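Trainee: Pasting the sequence and the predicted model now:
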Amino acid sequence: MKSDHQHTKLFSRSEWSEISHLLAEVGRSVRKAVRGDEALRGSQKVMGFAGGDTIFKIDKIAEEELLEAFSKWPERYKPIQLYGEGLDEDGSIVGDRRCRPRIAILIDPIDGTRNIMYDKRSAWFIAAAAAWQEKRPTTDDIRASVLVELPPSKAGLSDIFVLASDGPLIAERTPLAGGGGKRWIPRPSGSKDLEFGFAQVANFFPGTKVLASELMEFIAANVSGSARVGESLIFDDQYLSTAGQFVELLCGHDRFCCDLRPLFHRILAQRDTSFQHGLECHPYDIAGLKIAEAAGVILTDGFGNKLTAPFDCNTGIHWCGYANVEIQKLVQPVVQRWLDENLL
């Protein structure tokens, strides 16, 4: 593998800004490829299993489009090493394989595949870039990241979030029919409790539903007052997309959300050694964490520690997201108490 001086050069702030916008262009290309009747036709066909998840036909369409888009990047940023769903387990290379990569990118072409392939709800393109290094990067090393909404066919608008280095978060809502977009400032909820707001424990698939429901009931019982007859104090929205969950938090729609599937699997394995782990959140699913944090969302792992993950495809990730410090102070101790009671 070649090792010229260019591979040790650090990128400037302006270069990271360019990289962030190049990532957004890749997202737009994927968005165009996966929307419409042609992409949706047969999109539910299972094509295999890779990167810790089932790969459907629509995922393959997105993968082909993103590899083509990355191939058109300026040569000064190549080779590029991609880590993500549907790609090689050890990272796919775009560019001259004889040279060391210059950029490592953690990517999920479609986060929320099941949403878009059934034309139900927006999925999201997620990508985050770090300078390549001999030691595999982690999400702490991210210097540029994007979230691009992949809306269902009936939608007329799409949101894009772009963040470069230590620059400001750019949020833009663009018409899918063309024309200029409108920039806006996302703000998480300022509410100090969960009452009459959305808060949920990820409860997507059979296997961990009982534990997820038990935890949510435990949270509700310990943080909210008594509801009157016929009244509900906390609302639930199971958005089958980690990026979608982050966006609901950063836009002020949700106040709390957590995905503790790896910990639920650990609890179930304690109870039954024959238990088989199901689908979990992976590092590429949380590649948009810097965007959520830049908007003011507080993200931790399930134990309240800093949320971080390696650039890989298979590590199970547990996380909690809070709209603000007051919500964190209210809910985090309750989550920890429940885990203390259930984890050996």
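Mentor: Happy to help now that I have it. Residues are numbered from 1 along each chain as shown.
Trainee: Please report the distance of residue 105 from residue 138.
Mentor: To residue 138, residue 105 is 13 Å away according to C-beta to C-beta, to the nearest Å. Every residue, glycine included, has its C-beta placed from N, CA and C.
Trainee: the helices in the stretch 1-150 of the chain, which residues?
Mentor: 13-34, 37-40, 57-71, 113-117 (DSSP state H, counting those that start in this stretch).
Trainee: Give me whichever of those is most buried.
Mentor: The highest average neighbour count among those, using mean count of other C-beta atoms under 10 Å, belongs to helix 113-117 at a mean of 23.
Trainee: And residue 105 and residue 138? Which one has more around it.
Mentor: Neighbour count, other C-beta atoms under 10 Å: between residue 105 and residue 138, residue 105 has more, with 31 against 15.
Trainee: Tell me the bridge partners for that one.
Mentor: Listed beta-bridge partners, residue 105: residue 82, residue 129 (assigned using DSSP bridges).
Trainee: Now do the contacts for it.
Mentor: By C-beta atoms under 8 Å, 6 or more residues apart in numbering, the residues touching residue 105 are 23, 80-84, 127-130.
Trainee: Might you list the low-confidence residue ranges for the stretch 151-300 of the chain?
Mentor: Within the stretch 151-300 of the chain, the stretches with pLDDT under 70 are 225-231.
Trainee: ok, so what distance separates the closest residue to residue 342 other than its chain neighbours from residue 279?
Mentor: Leaving aside its chain neighbours, residue 342 sits nearest to residue 267 (5.2 Å; criterion: C-beta to C-beta, 6 or more residues apart in numbering). Using C-beta to C-beta, one gets 16 Å for the distance from residue 267 to residue 279.
Trainee: The stretch 51-200 of the chain: strands as residue ranges?
Mentor: Under the criterion DSSP state E, counting those that start in this stretch, the stretch 51-200 of the chain contains strands at 53-56, 80-84, 92-94, 103-111, 123-131, 144-150, 157-164, 170-175, 182-184, 197-201.
Trainee: Turn the ones you listed into CSV, columns for distance to residue 63.
Mentor: Formatted as CSV, those follow (distance: least, C-beta to C-beta, whole Å):
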stretch, distance to residue 63
strand 53-56, 8
strand 80-84, 9
strand 92-94, 9
strand 103-111, 6
strand 123-131, 12
strand 144-150, 14
strand 157-164, 20
strand 170-175, 24
strand 182-184, 30
strand 197-201, 30
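Trainee: right, and those - which one's nearest residue 285?
Mentor: Closest to residue 285 of the strands of the stretch 51-200 of the chain is strand 103-111 (C-beta to C-beta; 5.9 Å).
Trainee: mind listing the helices for the stretch 201-344 of the chain?
Mentor: Under the criterion DSSP H, counting those that start in this stretch, the stretch 201-344 of the chain contains helices at 209-223, 242-250, 261-271, 289-295, 325-342.
Trainee: Of these, give the one that comes closest to residue 116.
Mentor: Of the helices of the stretch 201-344 of the chain, nearest to residue 116 by C-beta to C-beta is helix 242-250, at 10.8 Å.
Trainee: Kindly calculate the angle that the closest one makes with strand 144-150.
Mentor: Helix 242-250 runs at 100 degrees relative to strand 144-150, counting by axes from the mean of the first three to the mean of the last three C-alpha atoms, to 10 degrees.
Trainee: contacts for helix 242-250?
Mentor: 108, 111-112, 115, 121-124, 126, 147, 149, 159, 161, 186-188, 198, 202, 237, 239, 254-255, 257, 259, 281, 285-286, 288-289, 291-292, 295-297, 321-323.
Trainee: No further queries at this time; thank you.
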